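> after the sequence you'll find the predicted model.
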Amino acid sequence: MGTKVNLISGRTIVQGQNLDNKLSEEYFNEVATCELNKADMERLGVAADGHVKVKTSFGEVVVKAKEKGGTPEGIIFIPMGPWANALVSGNTHGAGMPQYKGIDAEIEKTEEEMLHVKDLMKTYMK
């Protein structure tokens, strides 16, 4: 069983710089990540660049853990992109944009590999 956390998402500068090339290594390294507080990383037993599985009622993904000092305990941040999209509801409530903030999630350390964006997108089509 994973640790309960609150998931938020948003844009990052590096992500924005690579929007034209979403298959690039730079884009992958930026958006296939999960920023966590140091205390949460220690509680999970995960080191920087270790893999974590994030689950919500909408889906699950494996991403790379990144320590981020400004992230409060119990909050995780995954940049907007295919990995965050796998964890949010497709219901936009008429706004055309999914809810990317305040999503109940569970996180756990894993040895599973992260999916390449092409493979991740195939899971959406099922």
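Cool, the structure landed.

> okay, now the closest residue to residue 75 other than its chain neighbours: neighbour count?
The spatially closest residue to residue 75, leaving aside those adjacent along the chain, is residue 6, at 5.2 Å (CB to CB, 6 or more residues apart in numbering). Every residue, glycine included, has its C-beta placed from N, CA and C. The burial metric for residue 6, expressed as a neighbour count using other CB atoms under 10 Å, is 14.

> quick check, distance from the one helix or strand residue 105 maps to to the centre of its chain.
Secondary structure assignment for residue 105, by DSSP states H and E: strand 103-109. Taking CA atoms, centre = their mean, to the nearest Å, one finds strand 103-109 lying 10 Å from the centre of the chain it belongs to.

> name the SS class of residue 88, please.
In terms of secondary structure, residue 88 is coil; the call rests on DSSP: H, G, I helix; E, B strand; the rest coil.

> ok, it - contacts?
The neighbourhood of residue 88, defined by CB atoms under 8 Å, 6 or more residues apart in numbering, consists of 9, 56, 58, 98-100, 103.
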